[in-house]
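>>> Structure of the sequence below:
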Amino acid sequence: MKVVFLGTPEFALPTLQALVGSAHEVVLVVSRPDRPVGRRQVLTAPVVVEVARKLGLDVHQPKSLKQEGFRRQLSAAQADVAVVVAYGKLIPARLLEVPRLGFVNLHPSLLPRHRGPSPIQWALARGDTTTGVTTILLDEGMDTGPILLQKRVDILPRETAEELGPRLAMLGAELVIETLNGLEAGTLSPRPQPEEGASVTPMLRRTFGKVDWSMPARQLVDRLRAFTPWPGLYTKFRGGRLKIHGLEEVMRPPAGRETPGTVLWADTAGIVVRCGRGTAARITDLQREGGRRMPADAFLIGERVAQGEKLG
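You can find the predicted model right below:
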């Protein structure tokens with residue numbers, strides 16, 4: 001089939017490369033406009049654009065999909081189907097029926113759980129032990145279209161979003177090809193998403209990285225896994241910011257009525273802090289604001305953290 005591909009970040013690359021290597025033909029790649037990056041604000045193309053150009057594909061970066069010119073270009077491509085993977089903007093409803101078979105979207109969760117812009121991070125933050133990828137036919141809602149195919153995968157105990165994302169991207173690429181083959185053969189029947197279990201994830205914000213020590217230790221560990229590499233976890237320490245890179249739950253913390261955020265003890269294994277519901281967490285890897293990242297034992301050589309000191 002003739003395919004129009006819409007995608008922007010690295011997560012979309014495995015699907016684009018799988019499409020190019022398949023029996024289907026990518027007739028157009030659509031991505032977001034170049035944007036300033038880094039301290040010098042150098043105008044930089046999305047990674048999908050860079051790879052698509054190397055592959056000799058036709059690339060378009062419209063400022064808005066609502067422009068009439070883009071609708072004409074999409075119609076001129078005469079695509080059988082459009083594939084969307086992390087494009088970054090909702091597809092206008094008036095475009096959905098332009099390709100003969102509509103728009104197929106790859107979403108990195110087991111829909112209807114974790115709809116929205118950050119499903120990988122919130123699967124980890126919510127302590128899920130399994131997740132997966134889903135292909136749907138887009139409708140006018142946010143990730144509410146009928147389901148085509150799904151694949152489930154276990155989340156590894158210490159896995160971070162930085163590690164889980166590429167795994168789901170590869171799994172999703174396989175699922176997209178399987179989905180297109182099924183659509184072409186007429187063997188797939190879209191089914192409505194169930195209402196039970198539906199949830200929507202918020203857009204990630206920097207403020208999510210601020211540690212609330214009143215949360216149970218397990219929840220804070222999961223949030224660090226979810227928010228690695230961004231926005232990370234941080235807490236206040238002696239008037240500055242302390243970034244936490246390593247955190248683990250203390251399995252049998254001593255009983256006590258300390259305020260959450262209180263240091264219980266500090267030794268070469270790390271800094272143990274009281275958390276909510278009587279739990280405790282050990283900081284094993286950290287970084288002072290403006291300083292370098294280091295293990296806790298090295299940090300404690302220069303910083304004498306005392307029992308009873310408060311974080312946050």
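>>> Let me see the contact set for Val3.
19, 24-27, 79-83, 180 (C-beta atoms under 8 Å, 6 or more residues apart in numbering). From N, CA and C alone the C-beta is placed, and that goes for glycine too.
>>> May I have the predicted confidence score for it?
What the model reports as pLDDT for Val3 is 98.
>>> helix or strand for it, which one?
strand 2-7 (DSSP states H and E).
>>> average model confidence for whichever helix or strand comes after that strand?
The helix or strand immediately downstream of strand 2-7 is helix 13-20, counting by DSSP H and E. Helix 13-20 shows a mean pLDDT of 98.
>>> circling back to that earlier point, which strands border the strand holding Val3, and is each parallel or antiparallel?
Looking at strand 2-7 with DSSP bridges, its partner strands are strand 25-30 (parallel), strand 81-85 (parallel).
>>> how far out from the middle of the chain is it?
21 Å (C-alpha atoms, centre = their mean, to the nearest Å).
>>> how many degrees apart are it and helix 13-20 in direction?
Following axes from the mean of the first three to the mean of the last three C-alpha atoms, to 10 degrees, one obtains 170 degrees for the angle between strand 2-7 and helix 13-20.
>>> I'd assumed Leu124 was in contact with Leu204.
No - counting by C-beta atoms under 8 Å, Leu204 stays clear of Leu124, with 11.9 Å between them.
>>> neighbour count winner among those two?
Shown here are Leu204 and Leu124; by other C-beta atoms under 10 Å, Leu124 has more neighbours (24 against 18).
>>> Pick out the residue nearest the middle of this structure.
Against the mean C-alpha coordinate of the chain, by C-alpha atoms, centre = their mean, the closest residue is Ile120 at 4.2 Å.
>>> That one and Glu184, how far apart?
29 Å (C-beta to C-beta, to the nearest Å).
>>> Which members of the contacts of Val3 are classed as buried?
19, 24, 26-27, 79-83, 180 (16 or more other C-beta atoms under 10 Å).
>>> which of those sit farthest apart?
Spanning the widest gap among the buried ones among the contacts of Val3 are Val27 and Leu180, at 13.5 Å by C-beta to C-beta.
>>> can you give me the helices for the stretch 151-300 of the chain?
Assigned by DSSP state H, counting those that start in this stretch, the stretch 151-300 of the chain shows helices spanning 161-185, 217-226, 296-302.
>>> returning to what we had before: now render the strands paired with strand 2-7 as TSV, adding mean pLDDT.
Formatted as TSV, the strands paired with strand 2-7 follow (pLDDT from 0 to 100):
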stretch	mean pLDDT
strand 25-30	98
strand 81-85	98
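>>> Would you reformat those as JSON lines and include distance to Glu195?
Below are the strands paired with strand 2-7 laid out as JSON lines (distance: least, C-beta to C-beta, whole Å):
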{"stretch": "strand 25-30", "distance to Glu195": "32"}
{"stretch": "strand 81-85", "distance to Glu195": "23"}
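>>> Next, the distance between the ends of stretch 15-29.
By C-alpha to C-alpha, to the nearest Å, the extent of stretch 15-29 from end to end equals 12 Å.
>>> contacting residues around that stretch?
In contact with stretch 15-29 (C-beta under 8 Å, 6+ apart) are residues 1-7, 48-49, 51-52, 55, 57-60, 73-74, 77-79, 83, 85, 106, 169, 172-174, 176-177, 180.
>>> from these, which would you call buried?
For the contacts of stretch 15-29, a neighbour count by 16+ other C-beta under 10 Å gives the buried set as 1-7, 48-49, 51-52, 57, 59-60, 73-74, 77, 79, 83, 85, 106, 169, 172-173, 176-177, 180.
>>> There's contact between the residue nearest to the centre of the chain and Thr131 in this structure, I believe.
Yes - when contacts are counted by C-beta under 8 Å, Ile120 is listed as touching Thr131 (7.5 Å).
>>> what sits in contact with each of the two?
Listed contacts common to Ile120 and Thr131 are 108-109, 164, 168; contacts here mean C-beta under 8 Å, 6+ apart.
>>> how many other residues sit next to Val29?
Around Val29 there are 25 other residues, counting by other C-beta under 10 Å.
>>> give me phi/psi at the residue nearest to it when sequence neighbours are not counted?
The shortest distance from Val29 to any non-neighbouring residue, by C-beta to C-beta, 6 or more residues apart in numbering, is to Ala52 (4.2 Å). Here is the backbone geometry of Ala52 (degrees, to the nearest 10): phi -60, psi -40.
>>> Which stretches in the stretch 1-150 of the chain count as helices?
All helices of the stretch 1-150 of the chain, identified by DSSP H, counting those that start in this stretch, fall at 13-20, 47-54, 68-77, 119-125.
>>> Contacts for the shortest one, please.
Okay, so that is helix 119-125. Applying C-beta under 8 Å, 6+ apart, the contact partners of helix 119-125 are 107-109, 113-114, 131, 155, 159-161, 164-165, 168, 201-202, 204, 222-223, 225-227.
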